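Asker: okay, sequence plus prediction incoming.
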Amino acid sequence: MNAAPTPLLNGIPAPGNSFVVWDKKIVYMSVTKVACTSLRWMVADLAGEDLELFYSALGAQQTRLMTIHGDRTRWQRTPQLFQLSEEQRSQISRDNGWFVFAVVRDPWSRIWSAWQSKFLVRHSFYERFMDEPWFPAVPSSQKQVIEDFHTFLEAKPWTTDPVLSEDVHFLPQVHSVRPQGVNYSRVYDLRNLADLFTDLKAHLERVGHPVDELYMPRANETPLPLIPPVLGDGAAELIEQLYAADFAEYGDRWSLDTLLTGPSAWSDDALRHAAYHTVANERIGDLSKQARMYRRKYRNAMKRNRDLQEIVATRAAGRSDPQSGLGRLAAGAGRRVVRRLRAQLDGR
């Protein structure tokens, strides 16, 4: 008797950070700040998604590439695991030819990248924390940036703040990977993405969908590279304590010595570039808020117009003339409201 295939999940709820490419038998478990922008574009391309559909996101994304992190409703062909039926999920197994993968990264560089992209360059969502004593200043010098990072680590706000305590950018990677709950084909390391690409191409060949190249656009959200002084003054050891769960699971992959080589200072141009990111993101956030406000107004106006039309239809039902003066007045008012909002959205 043949043994039952290894189940995908070990008694855990179907994770939401999953991307299922059904026809190519791929499941990707996304981990934030681990090349997830590039990997999501790769998966979207493999799934045959309309890539330009992502560009219409109204969030405060700094670039078109970052729009891949918008609303999951734009993913038309790539469901999450919990959106599949129990019967469908039961078919997903590495023993049934599925390729189930995730990618992890050393916590030292990951928290540095997360802090930069969300706080140092001021992603609009995180401006709500600007009054906190650990919120960084606009980059002006290497000393100031590193001190602000160390202050953030020492405050460790994601361990106490109710919003940040659920923010996967700052939670340990095992929270997203669920190494004991998911039976992977393999969990890769960011430094060995070449192995992932080799294995994925071989898998696509096996399932009858060979590709010459994988679509992997590079999104650089970290204007200041990690340099040894960033991890000085006990910062490296503090990160090891804060992310002990990651080190316990994958620590044999990472060496601090590999991060403590190379240049020990940023150029003045690099600091100016980081400061530019900060002020540019503030403006992008302003525009995103305005766009969302106009979208809400437009939707409300459309609803009011429909409500007016229903009132007119109800009242006109008892009249001999359905095109009464009341009806024309109400319908005209609704159309004028919609036209005004459309003009605002178009920038007129």
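Answerer: Thanks, I have the structure now.

Asker: tell me where the chain has helices.
Answerer: Using DSSP state H, the helices assigned to the chain run over residues 36-47, 86-91, 107-115, 142-155, 174-177, 193-206, 235-242, 244-250, 268-316, 325-345.

Asker: which residue packs closest to Pro139, ignoring adjacent ones?
Answerer: Nearest non-adjacent residue to Pro139, counting by Cβ to Cβ, 6 or more residues apart in numbering: Ala274, 4.2 Å away. Just so you know, the C-beta spots here come from the backbone N, C-alpha and C atoms, and that holds for glycine as well.

Asker: low-confidence ranges, the stretch 201-348 of the chain, go.
Answerer: Residues of the stretch 201-348 of the chain that meet the criterion pLDDT under 70 lie in 220-221, 278-299, 315-348.

Asker: let's see 90
Answerer: Applying pLDDT under 90 to the stretch 201-348 of the chain flags residues 218-223, 258, 260-263, 270-348.

Asker: wouldn't Leu81 be in contact with Pro15 here?
Answerer: Yes - counting by Cβ atoms under 8 Å, Leu81 touches Pro15, with 5.9 Å between them.

Asker: of these two, who's got more company?
Answerer: Leu81 (21 against 18; other Cβ atoms under 10 Å).

Asker: longest strand in this structure, by residue count?
Answerer: strand 99-104 (DSSP state E).

Asker: does anything pack onto that one? Which helices or strands?
Answerer: strand 26-29, helix 174-177, strand 186-189, helix 193-206 (3 or more Cβ pairs under 8 Å, 6 or more residues apart in numbering; DSSP states H and E).

Asker: pick the most buried one from these.
Answerer: strand 26-29 (a mean of 23; mean count of other Cβ atoms under 10 Å).

Asker: what does that one rub up against?
Answerer: The contact list for strand 26-29 (Cβ atoms under 8 Å, 6 or more residues apart in numbering) reads 8, 15, 17-21, 39-40, 43, 46, 81, 92, 98-102, 176-178, 182, 184, 200, 203.

Asker: apart from its chain neighbours, what residue comes closest to Ser109?
Answerer: Spatially, and ignoring its direct neighbours in sequence, Ser109 is nearest to Leu226 (5.1 Å; Cβ to Cβ, 6+ apart).

Asker: look up how far Ala47 lies from that neighbour.
Answerer: 32 Å (Cβ to Cβ, to the nearest Å).

Asker: contacts only, for Arg206.
Answerer: Arg206 sits next to Gly97 when contact means Cβ under 8 Å, 6+ apart.

Asker: I misspoke; the intended subject was Leu214.
Answerer: Met42, Asp45, Leu46, Phe197, Leu200, Lys201.

Asker: so for the third one, what's the nearest residue that isn't a sequence neighbour?
Answerer: Think Leu46. Closest residue to Leu46 apart from its sequence neighbours, by Cβ to Cβ, 6+ apart: Val21 at 5.5 Å.

Asker: let me see the contact set for the one you found.
Answerer: Val27, Tyr28, Val43, Leu46, Ala47, Arg77, Thr78.

Asker: for PyMOL, what selects the buried ones among those?
Answerer: Here is the PyMOL selection string for the buried members of these, based on 16 or more other Cβ atoms under 10 Å:
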select buried, resi 27+28+43+46+47+78
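
Asker: for Asn183, phi and psi?
Answerer: phi -90, psi 100 (degrees, to the nearest 10).

Asker: quick check: it touching Ile12?
Answerer: No - using Cβ under 8 Å, Asn183 makes no contact with Ile12, being 10.9 Å away.

Asker: the two - which one has more neighbours?
Answerer: Neighbour totals were compared for Asn183 and Ile12, and Asn183 leads with 18 against 11 (other Cβ under 10 Å).

Asker: got a list of what Gln180 touches?
Answerer: With Cβ under 8 Å, 6+ apart, Gln180 has these contacts: Asn10.

Asker: an error on my part: the question was meant for Asp45.
Answerer: Asp45 neighbours (Cβ under 8 Å, 6+ apart): Leu51, Leu214, Tyr215.

Asker: let's go with 10 Å and repeat that
Answerer: Contacts for Asp45 (Cβ atoms under 10 Å, 6 or more residues apart in numbering) come out as Val21, Leu51, Val211, Leu214, Tyr215, Met216, Pro217.
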